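In: Just a sequence and a predicted model for now, questions to come.
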Amino acid sequence: MKTFCCSHMEYQINEDKTLIDYLEDTRTYSFYTPNSECGTRLKMSHCPWCGVNLPKSLETEWEHVLIDDYQIDNPIENENLIPTEFKTDEWWKKRGL
């Protein structure tokens, strides 16, 4: 189970599920604003409650590993080709990121 920086962050992600998203596959924290037609995610670099620096998002690394190591051009559009480990935090934990 993921441990978050403070109880407020943990509550927002695990219980409330309205303001904050955490994507474990890319280790990305974001505010979710559902007021637009498609919804908008604004990446976060600090916890809004305790102020701690959040870990760096691995979106770029995720894409580069899939392209360079697995030869999956444009992984976002070829989701069916992405290995299972890249749909969770397994891939970046295995690589010590």
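Out: Received it, and whenever you're ready, just let me know what you need.

In: Which parts of this protein belong to which domain?
Out: Using automatic domain parsing, the domain parsing of the chain gives 1-57, 59-94.

In: just checking, residue 62 is part of a helix?
Out: Yes - under DSSP: H, G, I helix; E, B strand; the rest coil, residue 62 falls within a helix.

In: any idea how far residue 14 is from it?
Out: 23 Å (CB to CB, to the nearest Å). All C-beta atoms are positioned from the backbone trio N, CA, C, and that covers glycine.

In: the more surrounded of those two?
Out: Between residue 62 and residue 14, residue 62 has the larger neighbour count (other CB atoms under 10 Å), namely 22 against 13.

In: Now do the strands in the chain.
Out: With strands called from DSSP state E, the chain shows them at 20-23, 28-33, 40-43.

In: Could you tell me the least trusted of the domains of the chain?
Out: Lowest mean pLDDT within those: domain 1-57, a mean of 86.

In: Just give the number of residues close to residue 86.
Out: By other CB under 10 Å, the residues close to residue 86 number 21.

In: Distance of residue 48 relative to residue 57?
Out: Going from residue 48 to residue 57 by CB to CB gives 16 Å.

In: Next: residue 24.
Out: Going from residue 24 to residue 57 by CB to CB gives 11 Å.

In: And these two? Which one has more around it.
Out: Legend: neighbour count by other CB under 10 Å for residue 24 and residue 57, higher for residue 57 (17 against 13).

In: residues contacting the more buried one?
Out: Applying CB atoms under 8 Å, 6 or more residues apart in numbering, we find residue 57 in contact with 26-29, 43.

In: Quick check: chain neighbours aside, which residue is closest to residue 49?
Out: Spatial nearest neighbour of residue 49, excluding adjacent residues (CB to CB, 6 or more residues apart in numbering): residue 8 at 3.8 Å.
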